[in-house]
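1. sequence and predicted structure, then a few things I'm wondering about:
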Amino acid sequence: MKLTILGGGGFRVPLVYGALLGDHAEGRVTQVTLHDLDAGRLGAIARVLAEQAADIPDAPSVTATTDLDEALRGADFVFSAIRVGGLEGRAADERIALAEGVLGQETVGAGGIAYGLRTVPVAVDIARRVARLAPDAWVINFTNPAGLVTEAMSRHLGDRVIGICDSPVGLGRRVARVLGADPDRAWIDYVGLNHLGWLRGLRVDGRDELPRLLADPDALGSFEEGKLFGTDWLRSLGAIPNEYLHYYYFNREAVLAYQQAEQTRGAFLRDQQARFYEEVARPGAPALGTWDRTRAEREATYMAENREAAGAGERDDADLESGGYEQVALALMRAVARDERTTLILNVRNRSTLAALDADAVIEVPCLVDGNGAHPVTVAPLPYHATGLVCAVKAVEREVLAAAESGSRASAVAAFALHPLVDSVGVAHRLLDGYRAVHPGLAYLDRR
């Protein structure tokens, strides 16, 4: 099978290739094509992959190209992991939002909207090309904002595009570990949108073990989400929120922490990755060792501002364990390619899963996966407070999609103004003006 990775010069690509190296079963991926617009980044990542594969005789072959159509032809799976505007764009998203006193995170709030407005047109073009050049391919979307981008692509690819995220998996594994349960045997009741979901139960042999955790303050406060949100708030919710909900529940604290930080997350990653690519470009540099060292630093500093605002301290070693999105992607490919039934938490079209949303709305829920794709399971309704947030954010996503399709400035302003974390229509106008001034990719938003 041929796997094409769009954004193939991206820093996290070796995680995916590392997962592929461990798969030796029949029907596995044997050919990987990396596509990126930056030939220098492509070359650096290709060097890392070559060192990963050095002692593995049946390692998938790797080719690299800057020609998108060439990369797509003959693909069985397409991983979309692009970053429109690069990390410089992410840093600008954060800076402009924080100057207005609102959150600039890349998937949540003003920053996520700005990122979506410049990413959706590119993702739609990719979807159309896949439909033309590789109509039988399955697209696995890693590109953020993952739910929004998956929904945009689904309008052209239907159910053949599936969005993935490692946040629900990581949350489920942490909760299972604290409860002494095997995460691979547990059923995780998780419902919401991407980066806006709640773990409402964890069933082992038919028994929901979450009430036992909620009743034990010491256990509840011993892992990442307990430290971020506090045990009292988790018990009030009766659920464990995705870590990204910290931006909603503790928004003032999060914005203040980001404003006071020496660097925003995007600026940190921009500078860190620039050093990585520069170092790997030197003749004789140990590409894999440099990548490993950089990745460890990246993971250790993840959501550092939120942990500082919550007084959560450093991340535990257990929270740095692998098994992230690359493992979700590999499990998804295996299930589809080999028709091996499995259950994964994925971003898929709603159908009739959540009554508050229409059938085409992309949501993040447990799915049964087989050779015909991913099928969302029936779930209990969300409580009103969660339904309200989900509907509000989905309304924002729909305004982003409308703006991307029509070029309407009014729709783009509405996307900012309707978001729960943007508190003024005036701020929404200034945000759009600020983003259009620094992002050439938003010049299309010129219709009233």
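-> Thanks, I have it.

2. am I right that V48 is in a strand?
-> No. Under DSSP: H, G, I helix; E, B strand; the rest coil, V48 falls outside any strand and is assigned helix.

3. that one is in contact with A281, isn't it?
-> No. Using Cβ atoms under 8 Å, V48 is not in contact with A281, being 12.0 Å away. For glycine as for every other residue, the C-beta is placed from the backbone atoms N, C-alpha and C.

4. quick one: which of those two has more around it?
-> For the pair V48 and A281, the greater number of neighbours falls to V48 (23 against 14), based on other Cβ atoms under 10 Å.

5. which residues touch that one?
-> By Cβ atoms under 8 Å, 6 or more residues apart in numbering, the contact set of V48 is V13, P14, V280, A287, L288, W291.

6. just those residues now: which is nearest A44?
-> Distance to A44, by Cβ to Cβ, is smallest for V280 among the contacts of V48, at 4.3 Å.

7. excluding chain neighbours, give the residue nearest to the closest one in space.
-> Using Cβ to Cβ, 6 or more residues apart in numbering and skipping the chain neighbours, the partner closest in space to V280 is A44 (4.3 Å).

8. is it true that that neighbour touches Y277?
-> Yes. Counting by Cβ under 8 Å, A44 does reach Y277; the two are 5.1 Å apart.

9. which one of these two has more residues nearby?
-> A44 (23 against 18).

10. from A267, how far out is G89?
-> Distance, G89 to A267, using Cβ to Cβ, to the nearest Å: 11 Å.

11. re the thing from before, secondary structure class for the residue nearest to V280?
-> Per three-state DSSP, A44 ends up helix.

12. what sits against it?
-> G9, F276, Y277, V280, A281, A287.

13. still on that earlier bit, ok, G89 and A267, which is more surrounded?
-> Taking neighbours as other Cβ under 10 Å, G89 and A267 compare with G89 leading, 23 against 18.

14. for the closest residue to A39 other than its chain neighbours, grab the count of nearby residues.
-> Nearest non-adjacent residue to A39, counting by Cβ to Cβ, 6+ apart: T66, 5.7 Å away. T66 has 15 neighbouring residues, counting by other Cβ under 10 Å.

15. I'd say T66 and G43 touch.
-> No. Using Cβ under 8 Å, T66 is not in contact with G43, being 10.9 Å away.

16. domains of this structure?
-> Following the assignment in automatic domain parsing, the chain carries domains at 2-162, 168-249, 253-309.

17. any idea which helix is longest in this protein?
-> helix 109-133 (DSSP state H).

18. quick check: buried residues in that helix?
-> For helix 109-133, a neighbour-count test (16 or more other Cβ atoms under 10 Å) marks 109-124, 126-127, 129-131, 133 as buried.

19. contacting residues around V438?
-> Here V438 is in contact with A92, I96 (Cβ under 8 Å, 6+ apart).

20. any idea how far it lies from R398?
-> As for V438, its distance to R398 is 25 Å (criterion: Cβ to Cβ).

21. cool, and W291?
-> Separation of W291 from R398 (Cβ to Cβ): 38 Å.

22. looking at the two, which is more packed in?
-> Each of W291 and R398 has its neighbours counted (other Cβ under 10 Å); W291 has more, 25 against 18.

23. what's the mean pLDDT across the strand or helix carrying that one?
-> Using DSSP states H and E, W291 sits in helix 287-300. The predicted model gives helix 287-300 an average pLDDT of 90.

24. just the helices in the stretch 1-150 of the chain please.
-> With helices called from DSSP state H, counting those that start in this stretch, the stretch 1-150 of the chain shows them at 13-21, 39-52, 68-72, 86-99, 109-133, 146-157.
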